[in-house]
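Novice: Let's see this in three dimensions:
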Amino acid sequence: MSIQKQNLVTTENAASPPYALNLSETFLRLYLNRDGDLLLFSMADNTYINWLSLTKTTDMAENEAIFTYLSENTPDIVSTVKLAMASTPFDYLGLDEWYEADLFRRHSGGKVWQTPFGHAYSANDMHNHGKYFARSLYNLPAELTAQCRFREADGAYAAVLDWCLREINTAFTDECPAHHYERVEKLVQMLHRERYLLFSERPLIRERYAAFMSKASSLYDLYADLI
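Specialist: Have a look, this model is predicted:
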C-alpha cells in the first residue's frame with residue numbers, strides 16, 4: 001500500500017482555514033491508548049491538520065514509513081482534528097483519555113526534531129529517524145506503565161487526585177465558572193504533564209485522572225469563550 005493512502009485527511013473531510021497556514025512547519029502530535037492504538041496527526045496549529053493515520057504501536061514498519069514520509073513531504077489537503085477523526089472508529093471527545101505527546105521540528109544545534117522520548121533527532125542521522133521513532137513508539141506503552149508505579153505510590157496518589165478534582169469542581173459551583181480558570185491554571189498544567197497516568201494499571205487512578213482532565217478541558221473552553 002502506498003503510504004499516502006494511510007492519510008485519513010482527504011477531499012471528503014477537507015476544511016478551508018480562515019487564515020494562512022505554514023504547512024512547512026507542521027509538528028506531529030501522537031495519541032496513544034492502552035490497547036496500543038496510535039493516532040498520528042501532522043498539525044499546522046491546534047486546529048488544522050494535513051495528516052491523520054491510525055496504526056498500532058507494534059506496526060513498526062508502517063510507523064517508520066509514515067514518519068519518514070512526513071519528514072520529507074508536505075500533504076496539501078487540510079482538515080480539522082474533529083472532522084478527520086470521523087474517519088476513525090474513535091470519538092473525538094474521547095481523546096482526553098489518550099496519552100498525548102508532540103514532536104517539534106528544530107533548525108538549530110544540529111537537531112531537526114525534538115521528541116518526547118528523551119532525545120532529539122540530529123541532522124547527521126536523518127536516514128535513521130523513522131527507525132528511532134518506530135522503536136520508541138513500540139516501547140512507549142511499557143515505559144508509561146512503569147512510570148505510573150512511582151507516581152501511584154501503591155495507590156496513595158488516588159487521594160491526591162480526589163483533592164484535585166474537588167479543587168476544580170469548586171469552579172463549577174459558580175454562576176460563571178470561567179472566572180476560576182486562572183486560579184487553577186497551574187494545577188491543570190501540572191497534571192497535564194502526568195498524562196502517563198492514563199496507562200496506570202489501577203482503574204481508580206485512571207478514572208480520577210481522566211475525570212480531572214475532562215473537567216479541565218471544559219473549564220478552559222468556557223474561559224476561552226470569555227476572553
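Novice: The residue most central in space within the chain in helix, strand or coil?
Specialist: The chain has residue 100 as the residue nearest its centroid, 2.6 Å off, counting by C-alpha atoms, centre = their mean. Assigned by DSSP: H, G, I helix; E, B strand; the rest coil, the conformation of residue 100 is strand.
Novice: now residue 51
Specialist: Put simply, residue 51 is strand when judged by three-state DSSP.
Novice: One more: residue 40?
Specialist: Classification of residue 40 into helix, strand or coil gives strand, according to three-state DSSP.
Novice: got the contact list for it?
Specialist: Taking C-beta atoms under 8 Å, 6 or more residues apart in numbering as the criterion, residue 40 is in contact with 28-31, 51-53, 55, 63, 66. Placement of C-beta: from N, CA and C, glycine included.
Novice: what's the distance between it and residue 50?
Specialist: Here the criterion is C-beta to C-beta, to the nearest Å. By it, residue 40 lies 12 Å from residue 50.
Novice: now do residue 174
Specialist: Taken as C-beta to C-beta, the spacing of residue 174 relative to residue 50 amounts to 40 Å.
Novice: follow-up on the earlier one: wait, the residue nearest to the centre of the chain touches residue 30, no?
Specialist: Yes. Between residue 100 and residue 30 a contact is recorded at 7.2 Å, counting by C-beta atoms under 8 Å.
Novice: Just the residues contacting the helix or strand harbouring residue 140, thanks.
Specialist: Secondary structure assignment for residue 140, by DSSP states H and E: helix 129-152. By C-beta under 8 Å, 6+ apart, the surrounding residues in contact with helix 129-152 are 30, 32, 34, 36, 38, 57-58, 60-61, 63-68, 71, 99, 103, 112-113, 115, 117, 121, 157-158, 194, 196-202, 205.
Novice: try it again with 7 Å
Specialist: Residues external to helix 129-152 that are found in contact with it (C-beta atoms under 7 Å, 6 or more residues apart in numbering): 32, 36, 38, 57-58, 60, 63-65, 67-68, 71, 99, 113, 117, 121, 157, 194, 196-197, 199-202, 205.
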